[in-house]
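K.L.:
would you be able to build a 3D model of this:
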Amino acid sequence: MAQSTGNSLSIITWNTCGVKPTKGLPNKLIDIMNFGKKQKADVIFLQETHIGPKCYNEINEVRGWTSYFTVYSPRSKGVAILVNKNIPHYQYICNDEDYAGGYIVLFCQMYGQLFTLVNVYNHKEDKQVLGRLSQYLQDMITGILVIGGDFNTVLDPDFDRISASEHRQHTALRPHLEEFISSRKLVDIWASLHPNEQAFTRSQNTSHSRLDMFFMQRDKAPCAQSCEIHTVPGISDHYPVSLKIHVPEIRSMLTDVHQKLRMLGDSKLKYKTKLDRRAGRISGAEVLVAMKSLTDSSNGSREEDLMETEILKHEYNEILRTKKIPEGFNMSLNRKYKIFATILANRLQIYLAPLFRGRSKTPPQSLPCKVFLDRKPSISWEFLKKALKSVGIIQSPPRDFTILKQVLPEDLGILWKLLPMVEGSWGHKKKLKHHCPLTPALLHLCLKYMEHRVQKTGTVLSVSLSESFDTHGTRETAFCGQAAL
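P.N.:
The predicted model follows:
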């Protein structure tokens, strides 16, 4: 199809299995970037960077490139987007990072066009990352959307894969990718441009798969000029994939909100702090979910939602960093408190969610019971503090959320500052408000801690949380339990 006048944007995606020097590859990152220069890349997506909180300087200081990256573990995960500093009129707007290191989203302007660039590493044990990303993109896409990365599964097992046996990992992740593609109306660019060609991006022994892909939305997919898989041995067990996109000359101007977001990123607003490299930082996706869960959620524009999300994200992480509550935050259950409390409650409930390990067994001579909570339940302040401090030992989190075991104790440290302001205290007991987003999560935590202590004494006790609504629409929270007689 003939294209109108404009520019071509070149993007490369590559799972490099780390970027740090190894015994066999002392200049690994340099070799990776040299390949990008040879391909005249404008943007490079890297997956499995293996960048931890204390070893990011090398990727943060790549000469000639601006780096945006997640911090997770020096042995797993991690994604990065590197932008060539020679791109004409490049303008950074803002970026968001998945708290579990699964993706990074960059909002920017290049060649006069607005872009939402998304780099994904769909780890085999994280079956929720595409769901988190999809929910975020639903409300935040700006301009042309380009998604690339390693999805750890294939879309067509009969065409995109050769193996002696079916791999469970592919089977488990494929429905999540299919749902992601359908919900966001995406097109697999390589398959679209090479409908009858079979090629692979990863080879291991006798198995060959096309795991690394680029996606664009259907209405923008015709802008894709080419998509190629490059055989580059020695760097990784994955091959890089390149994409060229036609960028029309029609310019997309930055709005006032975009300019304010740029100022936020340039440390010109009070909520922006020094670069904070902390695994499990609060993400914009979590803030957005919390915002939209409120009955008083605003129906602002997409840009206004993005602005509020970014400001709240920076302020929340600033509270974590300084352990100080900003002035004017002591209004009982104001909107900002509700959002922060909801984020904490969501993280805590995910962590406390029971693991399914097959059919549950009812203890012999056990008695099922259900406890309904009072409108204003009270908890011993000392017991609550012990439960909060023991969060790391009372529950084994789902493998998708092991990062929560590391960051929850620090997140919950905010409670020591927040709870006294918004919950009534009488003597040694803490009175929890029925409409506080944290109340069900804190009660669930306390009962899990009670279960932990009872089980240590040899008595069987299990608890689970359930919620329902009465005839007036009021939410009722109950805990069902099994206890040995």
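K.L.:
which stretches of the stretch 351-485 of the chain aren't confidently modelled?
P.N.:
Within the stretch 351-485 of the chain, the segments meeting pLDDT under 70 span 354-378, 397-401, 416-431, 434, 458-485.
K.L.:
need the helices for the stretch 201-350 of the chain, in chain order.
P.N.:
For the stretch 201-350 of the chain, the helices defined by DSSP state H, counting those that start in this stretch cover 256-265, 284-292, 302-322, 335-352.
K.L.:
tell me where the stretch 51-200 of the chain has helices.
P.N.:
Using DSSP H, counting those that start in this stretch, the helices of the stretch 51-200 of the chain run over 57-60, 129-140, 168-184, 189-193.
K.L.:
now for the first one, which elements pack on it?
P.N.:
The helices and strands touching helix 57-60, judged by 3 or more Cβ pairs under 8 Å, 6 or more residues apart in numbering; DSSP states H and E, are strand 65-69. C-beta here means a position set from N, CA and C on the backbone, and glycine is covered the same way.
K.L.:
ok, the third one next?
P.N.:
Of the remaining helices and strands, those touching helix 168-184 by 3+ Cβ pairs under 8 Å, 6+ apart are helix 129-140, strand 212-217.
K.L.:
chain center to that helix, what's the gap?
P.N.:
17 Å (Cα atoms, centre = their mean, to the nearest Å).
K.L.:
what angle do it and strand 212-217 make?
P.N.:
On the basis of axes from the mean of the first three to the mean of the last three Cα atoms, to 10 degrees, helix 168-184 is oriented at 20 degrees to strand 212-217.
K.L.:
just the buried residues of helix 168-184, please?
P.N.:
Of all the residues in helix 168-184, those buried under the rule 16 or more other Cβ atoms under 10 Å are 170, 173-174, 176-177, 180-181, 184.
K.L.:
low pLDDT regions in this protein?
P.N.:
Using pLDDT under 70, the flagged stretches of the chain are 1-6, 164-170, 265-276, 295-300, 327-333, 354-378, 397-401, 416-431, 434, 458-485.
K.L.:
okay, domains of it per the record?
P.N.:
6-248, 270-347, 356-484 (automatic domain parsing).
K.L.:
okay if I get the ones you listed as a markdown table plus distance to Thr255?
P.N.:
Below are the domains of the chain laid out as a markdown table (distance: least, Cβ to Cβ, whole Å):
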| stretch | distance to Thr255 |
| --- | --- |
| domain 6-248 | 9 |
| domain 270-347 | 6 |
| domain 356-484 | 32 |
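K.L.:
do you know how far the residue nearest to Ser283 when sequence neighbours are not counted is from Ala441?
P.N.:
Leaving aside its sequence neighbours, Ser283 sits nearest to Tyr99 (Cβ to Cβ, 6 or more residues apart in numbering; 4.7 Å). When distance is defined by Cβ to Cβ, to the nearest Å, Tyr99 is 17 Å away from Ala441.
K.L.:
same check, this time on Arg184
P.N.:
Counting by Cβ to Cβ, the gap from Arg184 to Ala441 is 30 Å.
K.L.:
before we move on, back to that, format the helices of the stretch 201-350 of the chain as JSON lines; extra columns: distance to Pro437.
P.N.:
JSON lines is the format used below for the helices of the stretch 201-350 of the chain (distance: least, Cβ to Cβ, whole Å):
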{"stretch": "helix 256-265", "distance to Pro437": "26"}
{"stretch": "helix 284-292", "distance to Pro437": "8"}
{"stretch": "helix 302-322", "distance to Pro437": "14"}
{"stretch": "helix 335-352", "distance to Pro437": "4"}
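K.L.:
of all those, which lies closest to Ile162?
P.N.:
Minimum separation from Ile162 across the helices of the stretch 201-350 of the chain (Cβ to Cβ) falls at helix 284-292, 35.6 Å.
K.L.:
then that closest one to PDB, C-alphas only?
P.N.:
C-alpha atoms of helix 284-292 as PDB (Å, rounded to 0.1, in the frame of the first residue of the first chain):
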ATOM      1  CA  GLY A 284      -0.200   3.900  37.700                       C
ATOM      2  CA  ALA A 285      -2.300   0.900  37.000                       C
ATOM      3  CA  GLU A 286      -2.900   0.300  40.700                       C
ATOM      4  CA  VAL A 287      -3.800   4.000  41.200                       C
ATOM      5  CA  LEU A 288      -6.200   3.900  38.300                       C
ATOM      6  CA  VAL A 289      -8.000   0.800  39.600                       C
ATOM      7  CA  ALA A 290      -8.300   2.500  43.000                       C
ATOM      8  CA  MET A 291      -9.600   5.700  41.500                       C
ATOM      9  CA  LYS A 292     -12.300   4.000  39.500                       C
END
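K.L.:
ranges for the strands of the stretch 101-250 of the chain?
P.N.:
Along the stretch 101-250 of the chain, counting by DSSP state E, counting those that start in this stretch, strands occupy 103-110, 113-121, 144-150, 161-162, 186-188, 202-204, 207-209, 212-217, 224-229, 241-248.
K.L.:
make TSV out of those strands and add mean neighbour count and distance to Met307.
P.N.:
Below are the strands of the stretch 101-250 of the chain laid out as TSV (neighbours: other Cβ atoms under 10 Å; distance: least, Cβ to Cβ, whole Å):
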stretch	mean neighbour count	distance to Met307
strand 103-110	24	11
strand 113-121	24	15
strand 144-150	25	19
strand 161-162	18	43
strand 186-188	20	26
strand 202-204	15	39
strand 207-209	17	40
strand 212-217	24	23
strand 224-229	17	30
strand 241-248	22	25
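K.L.:
let's have the ones you listed in TSV, adding distance to Thr22.
P.N.:
Output for the strands of the stretch 101-250 of the chain, formatted as TSV (distance: least, Cβ to Cβ, whole Å):
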stretch	distance to Thr22
strand 103-110	24
strand 113-121	19
strand 144-150	19
strand 161-162	28
strand 186-188	32
strand 202-204	18
strand 207-209	23
strand 212-217	21
strand 224-229	24
strand 241-248	23
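K.L.:
any idea which of those gets closest to Asn34?
P.N.:
Counting by Cβ to Cβ, Asn34 lies closest to strand 241-248 out of the strands of the stretch 101-250 of the chain; the figure is 14.6 Å.
K.L.:
burial measure for Met307, as a count.
P.N.:
The local packing of Met307 (other Cβ atoms under 10 Å) involves 19 other residues.
K.L.:
same list (the helices and strands packed on helix 168-184) but as TSV, adding distance to Trp14.
P.N.:
As requested, those are exported to TSV (distance: least, Cβ to Cβ, whole Å):
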stretch	distance to Trp14
helix 129-140	19
strand 212-217	7
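K.L.:
out of the ones you listed, which gets nearest to Met253?
P.N.:
The closest of the helices and strands packed on helix 168-184 to Met253 is helix 129-140. By Cβ to Cβ, the value is 18.8 Å.
K.L.:
please identify the buried residues of that closest one?
P.N.:
129-130, 132-134, 136-137, 140.
K.L.:
nearest to Ile162 among those residues?
P.N.:
Nearest to Ile162 among the buried residues of helix 129-140 is Leu130, at 24.7 Å by Cβ to Cβ.
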